[in-house]
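Enquirer: Fold the following and give me the result.
(chains A and B)
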Amino acid sequence: MKTISAYRRPDGRIGLRNHVLVISLVSCSNAVVSRIAQATGAVPITHEFGCVEFEEDHKRTKLALISAGTNPNVYGALLVGLGCEQTSMADLLLAISAAGKHVEAILIQKEGGVPEAVARGIEIVKGLQEGASRQERIPCGAEGLVVGVQCGGSDWTTAVAGNTVIGAMSDLVIANGGSVLMSEVMGFPGSEHIVAANAVNREVGLQILEMISDLRSEYFELYGQPIQEVNPTPGNKAGGITTLVEKSMGNIKKMGNAPIQGILQLGEPIPHPGLWVVDNRAQGPDPFNITGFAIQGANVAVFSSGRGSPVGCAVMPVIKITGNPETFENLRSIIDFNAGLVIKGQSISETGAALYDLLLKVADGELTKSELNGNLEYTIPREPARKKRQAHCVAGGFGHVSKK
Amino acid sequence: MKKAIRVDQKDNVAVVAQDTLKGDIIDCGGLEVHATDNIPLGHKIALDQIEKGAFVVKFGVPIGRASQRIETGDHVHIHNLEDITGELCKVYEKKFREMGA
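Expert: Reported below is the predicted structural model:
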């Protein structure tokens, strides 16, 4: 078994980083959070939510903020609120400290204003950082790796080089006892028969088919057209993709060939190591899915991009790879790994093994380009599709009442 | 030599890694194929004869059905490859649901 050196957390999980976070409870405290983070080098978590939210939206906001604080890469956190926001400081303190984290809190209204809150926050964060600096990496098994896999900014190389190489790496993560998380379920329709065939048992296979059937009808209700009528797009076809199953396979190749253990809803703990599908249907920019992995407790992510993307994550290293050798040469400052060697004739399995070696180095502490560049995105994933369906039911209810 | 990427040993098509001209010899992972058409970058080249009605295989799985006989070296795209994704999904789902039900 492979060994890495990492931080062993009280809950048994392993951290590849030892971050101190400054978490904003509401957009009103974002500026204070940014200033404390700038002054201390701590990692800021800011967002546009935290007040006057509907129940389902607010649940998601709380889940995302708690999950940032409890991620295994985190040592501790300072929570910064205004004092009258919807986000409950008590709930966040309780949930994050229950994971064995060092967590403290300030409210701008209680501290007597912004300069006061910034000064007090800096003092607290420095104390947390001192505690963090006393932690040491210890030898841990590679089975503690929880790796999110994703792609975005795709070109013709993404399916054949970038994602196949990630798939070969995923197989090695699983073979060494670790976990792989795959989301981007909006890209599954068309190859759900292949995904379901890779399920660990019949029950999980059926769950996968149900999820995709639900997703197909959701898509139809929202856009009025079946997925297969709009996919592959004219752009896909011009690029050489002929059929929907072909397009979809390009996405799911990242999972590799291990059996799928089950489907996890966002925030649902991972029951045991292996390959898992995260049912994250957020339609939006790439950080939606990356943040989804962080919420699931991933400690690292691997992202392939044919055109090149700088995205990272506030609480995880994100290893950026490209299947396009030209993109690698042109964007060396944002890309960690050249899977374009496959285009030049190197085998997919050999390249996947090299990517797994890089993953272990990053786990040991080697910084990724996204970390060096300060790409600390944390974008709370929103799911308008599922929400809209619920809203529709409520509206129908009111209609019925008013007719009486 | 110009190249094409064959993802899986079961595949009967590969993806050309550069714009390809009719008559070019393409190295498809050790297998040399003469292109019979101009094939744009990122498009598929047939590695074998594919009979009308037979599966076109990429990523190790059927991605569609040949709508006409395809010769080795042909460009494989919408003109000779039929999208049967719906059929593949339905046939599988039916088999899967009946299995052990």
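
Enquirer: Around residue A:322, how many other residues sit close by?
Expert: By other CB atoms under 10 Å in any protein chain shown, the residues close to residue A:322 number 32. In short, each C-beta sits where N, CA and C put it, glycine included.

Enquirer: For stretch A:318-332, give the mean pLDDT please.
Expert: Throughout stretch A:318-332, pLDDT has a mean value of 97.

Enquirer: I should have written stretch A:5-25 there, sorry.
Expert: On average, stretch A:5-25 scores 97.

Enquirer: mind checking how far that stretch is from the chain centre?
Expert: 16 Å (CA atoms, centre = their mean, to the nearest Å).

Enquirer: Ok, stretch A:240-252 next?
Expert: 23 Å.

Enquirer: what's the burial count for the residue of chain B found nearest chain A?
Expert: Nearest residue of chain B to chain A, counting by CB to the nearest CB: residue B:42, 3.0 Å away. Using other CB under 10 Å, residue B:42 is surrounded by 21 other residues.

Enquirer: For the residue sitting nearest the centre point of chain B, which non-adjacent residue is spatially closest?
Expert: Compute the mean C-alpha point of chain B, and by CA atoms, centre = their mean the closest residue is residue B:13, 3.4 Å away. Computed as CB to CB, 6 or more residues apart in numbering or on different chains, the closest residue to residue B:13 that is not its neighbour in sequence is residue B:44, at 4.2 Å.

Enquirer: from what I can see that neighbour touches residue B:76, true?
Expert: Yes - contact status for residue B:44 versus residue B:76: in contact at 4.1 Å, counting by CB atoms under 8 Å.

Enquirer: Would you enumerate the residues in contact with the residue of chain B closest to chain A?
Expert: A:155-157, A:239-240, B:15-16 (CB atoms under 8 Å, 6 or more residues apart in numbering or on different chains).

Enquirer: any idea which helix or strand carries residue A:211?
Expert: Here residue A:211 sits within helix A:202-223, counting by DSSP states H and E.

Enquirer: Output that helix as PDB, nothing but the C-alphas.
Expert: Extracted in PDB, the C-alpha atoms of helix A:202-223 (Å, rounded to 0.1, in the frame of the first residue of the first chain):
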ATOM      1  CA  ARG A 202     -28.500  -4.400  -8.900                       C
ATOM      2  CA  GLU A 203     -29.900  -2.000  -6.400                       C
ATOM      3  CA  VAL A 204     -27.300   0.700  -7.100                       C
ATOM      4  CA  GLY A 205     -27.800   0.100 -10.800                       C
ATOM      5  CA  LEU A 206     -31.500   0.800 -10.500                       C
ATOM      6  CA  GLN A 207     -30.800   3.900  -8.400                       C
ATOM      7  CA  ILE A 208     -28.600   5.200 -11.200                       C
ATOM      8  CA  LEU A 209     -31.300   4.500 -13.800                       C
ATOM      9  CA  GLU A 210     -33.900   6.200 -11.600                       C
ATOM     10  CA  MET A 211     -31.700   9.300 -11.100                       C
ATOM     11  CA  ILE A 212     -31.100   9.700 -14.800                       C
ATOM     12  CA  SER A 213     -34.800   9.100 -15.700                       C
ATOM     13  CA  ASP A 214     -35.700  11.800 -13.100                       C
ATOM     14  CA  LEU A 215     -33.100  14.100 -14.600                       C
ATOM     15  CA  ARG A 216     -34.300  13.600 -18.100                       C
ATOM     16  CA  SER A 217     -37.900  14.500 -17.200                       C
ATOM     17  CA  GLU A 218     -36.600  17.500 -15.200                       C
ATOM     18  CA  TYR A 219     -34.700  18.700 -18.200                       C
ATOM     19  CA  PHE A 220     -37.800  18.300 -20.400                       C
ATOM     20  CA  GLU A 221     -40.100  20.200 -18.000                       C
ATOM     21  CA  LEU A 222     -37.600  23.000 -17.800                       C
ATOM     22  CA  TYR A 223     -36.600  23.400 -21.400                       C
END
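
Enquirer: Having no further points to raise, I will conclude here.
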